[in-house]
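*Asks:* Provided below for reference: sequence and predicted model.
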Amino acid sequence: MAESKSERYKENLQGEIDGASLYRSLADVEPDAKLAEVYRRLAAVEESHAEYWKKQLGKVGARVPGLKPGFRTRALSFLARRFGPAFVLPVINTLEQADSGVYDKQPEAVAGGLPQAERSHARILSAIASPKSGLEGGTIARLEGRHRAMGGNALRAAVLGANDGLVSNMSLVMGVAGAEVSNSTIVLTGLAGLVAGACSMAMGEWLSVNSSRELYEKQIATEAMELEEVPEEEKEELVLIYQAKGLSEPEAKALADKLLSDKSTALDTLVREELGIDPDELGGSAWGAAGTSFLLFSFGAIFPVAPYFFLSGWSALIVSLTLSGLALVGIGLGTSLFTGRSAVFSAMRQLLIGFAAAGVTYGVGALVGVSLAG
């Protein structure tokens, strides 16, 4: 029993060390002083939790290990320093929400008041990542302007976009390689798959974002018309929204009156609060999304075909599989950042799935090649 407890305590300690390190990293690169202070306070709480678990380890006679931040924490910290907190915030928020109940069934944690603190952290992260949850005035504008500018989970989109290109083109290249066609045919097929897939992804992304922008614009126009024609109804809707968020009716009415007293900000407030739309972004740039999607797909798709520019036959196939395998491992490590699974598990799963798809298409190509040759 003591051994099982000590292992659980060590796992909890590792989680708190990771959390404290990550929040410290966010505080170091956060340009807004108030948000940076929030991150530092969260880190301090995580550090106090780490000390709690060290004491618990001491009580069961276990050695307190010298733990360091894990791979996921180091990777997210690096990305935050390189691209800013907004780039990794959606991932951190998702992980925080998933872990918010991890202490609920641990009696030692309950006795120490840790579950309440973890749920509080989850609410704070959710408020920062999703400002429309009820923060007021300039805080809404400031947070939305920066943390929603990424148009969602940019890290997840980048990893999955590259994965689409890699797996689909590796399967295509292995399929024609299995048919034992000429090297030039494999190169041509691989490049055609890269360009066709990238164009398809880019067009789909452009249509998706552009359609969303058109819908948002129509909703904003409707809201503007209602504000002009039935301002009292709009005020009542805003009052109900704030009441649903926990304000009393007098407080909700006072806040609605204040926000709607200035016509220049009334529409902006209603659009953000009632529709949950950032009028400055409208889902981002359709062309930017299309270009990014094209590049990400192309990046993944180039790995399987690149060796065939310089090699041929079995040498090219082995190098192609090796490069693709390394890329699959890298993508698996990337997915572990936002799924919460271990880095090794995610990498091996990605490698297995990618090679399974390549094996199927290679086999089909070989059968078709034999059939055509016969």
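*Replies:* Yep, that arrived.
*Asks:* how about Leu255: what's its closest non-neighbour residue?
*Replies:* Using Cβ to Cβ, 6 or more residues apart in numbering and skipping the chain neighbours, the partner closest in space to Leu255 is Tyr242 (5.7 Å). To be clear about C-beta, it is placed using only N, CA and C from the backbone, and glycine gets the same treatment.
*Asks:* kindly report the same for Thr361.
*Replies:* Leaving out its chain neighbours, Thr361 is closest to Gly175 (Cβ to Cβ, 6+ apart), at 3.7 Å.
*Asks:* quick one, what contacts the one you found?
*Replies:* 361-362, 364-365 (Cβ atoms under 8 Å, 6 or more residues apart in numbering).
*Asks:* could you list the domains of this protein?
*Replies:* Taking automatic domain parsing as the reference, the chain has its domains at 2-129, 154-187+290-373.
*Asks:* in CSV, list those along with distance to Gly193 and mean pLDDT.
*Replies:* Output for these, formatted as CSV (distance: least, Cβ to Cβ, whole Å; pLDDT from 0 to 100):
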stretch, distance to Gly193, mean pLDDT
domain 2-129, 30, 87
domain 154-187+290-373, 4, 90
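*Asks:* indicate which one of these is closest to Glu237.
*Replies:* Across these, the minimum distance to Glu237, taken as Cβ to Cβ, is reached by domain 2-129, at 22.0 Å.
*Asks:* about what we covered before: and the contacts of Gly175, which is closest to Ala117?
*Replies:* Among those, and counting by Cβ to Cβ, the member closest to Ala117 is Thr361, at 50.4 Å.
*Asks:* so which strand or helix has the closest one?
*Replies:* helix 343-373 (DSSP states H and E).
*Asks:* thinking again about what came up before, just the buried residues of the contacts of Gly175.
*Replies:* Buried subset of those (neighbour count, 16 or more other Cβ atoms under 10 Å): 361-362, 365.
*Asks:* on that earlier part again, kindly confirm whether my reading is correct that the residue nearest to Leu255 touches Glu251.
*Replies:* Yes - using Cβ atoms under 8 Å as the test, Tyr242 is close enough to Glu251 to be in contact (7.3 Å).
*Asks:* and the two? Which one has more around it.
*Replies:* Comparing Tyr242 with Glu251 by other Cβ atoms under 10 Å, the one with more neighbours is Tyr242, at 21 against 13.
*Asks:* so for the helix or strand harbouring the more buried one, what gets flagged as buried?
*Replies:* If you go by DSSP H and E, Tyr242 is part of helix 231-244. Neighbour-count burial for helix 231-244, counted by 16+ other Cβ under 10 Å, picks out 234-235, 238-239, 241-242.
*Asks:* turn those residues into JSON lines, columns for distance to Phe297.
*Replies:* Shown next, in JSON lines, are the buried residues of helix 231-244 (distance: Cβ to Cβ, whole Å):
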{"residue": "Glu234", "distance to Phe297": "43"}
{"residue": "Lys235", "distance to Phe297": "47"}
{"residue": "Leu238", "distance to Phe297": "43"}
{"residue": "Val239", "distance to Phe297": "47"}
{"residue": "Ile241", "distance to Phe297": "40"}
{"residue": "Tyr242", "distance to Phe297": "43"}
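*Asks:* most widely separated two among the contacts of Gly175?
*Replies:* Tyr362 and Val364 (7.4 Å).
*Asks:* hey, what's in contact with both of the two?
*Replies:* Common neighbours of Tyr362 and Val364, using Cβ under 8 Å, 6+ apart, are 175, 178.
*Asks:* and the buried ones among the contacts of Gly175, which is closest to Thr339?
*Replies:* Using Cβ to Cβ, those come closest to Thr339 at Thr361, 26.1 Å.
*Asks:* contact partners for that closest one?
*Replies:* Here Thr361 is in contact with 171-172, 174-175, 178 (Cβ under 8 Å, 6+ apart).
*Asks:* rerun that using 6 Å as the cut-off
*Replies:* Residues near Thr361 by Cβ atoms under 6 Å, 6 or more residues apart in numbering: 171, 174-175.
*Asks:* same check, this time on Glu205
*Replies:* With contact set as Cβ under 6 Å, 6+ apart, Glu205 has these partners: 289-290, 293.
*Asks:* how close does it sit to Phe338?
*Replies:* Going from Glu205 to Phe338 by Cβ to Cβ, to the nearest Å gives 19 Å.
*Asks:* all helices of the stretch 251-374 of the chain, in order?
*Replies:* Assigned by DSSP state H, counting those that start in this stretch, the helices in the stretch 251-374 of the chain fall at 263-270, 286-305, 313-339, 343-373.
*Asks:* can you add distance to Ser212 and give these back as TSV?
*Replies:* Output for these, formatted as TSV (distance: least, Cβ to Cβ, whole Å):
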stretch	distance to Ser212
helix 263-270	19
helix 286-305	9
helix 313-339	22
helix 343-373	30
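*Asks:* tell me the most buried of the ones you listed?
*Replies:* Stretch with highest mean neighbour count among the helices of the stretch 251-374 of the chain: helix 286-305 (a mean of 22; mean count of other Cβ atoms under 10 Å).
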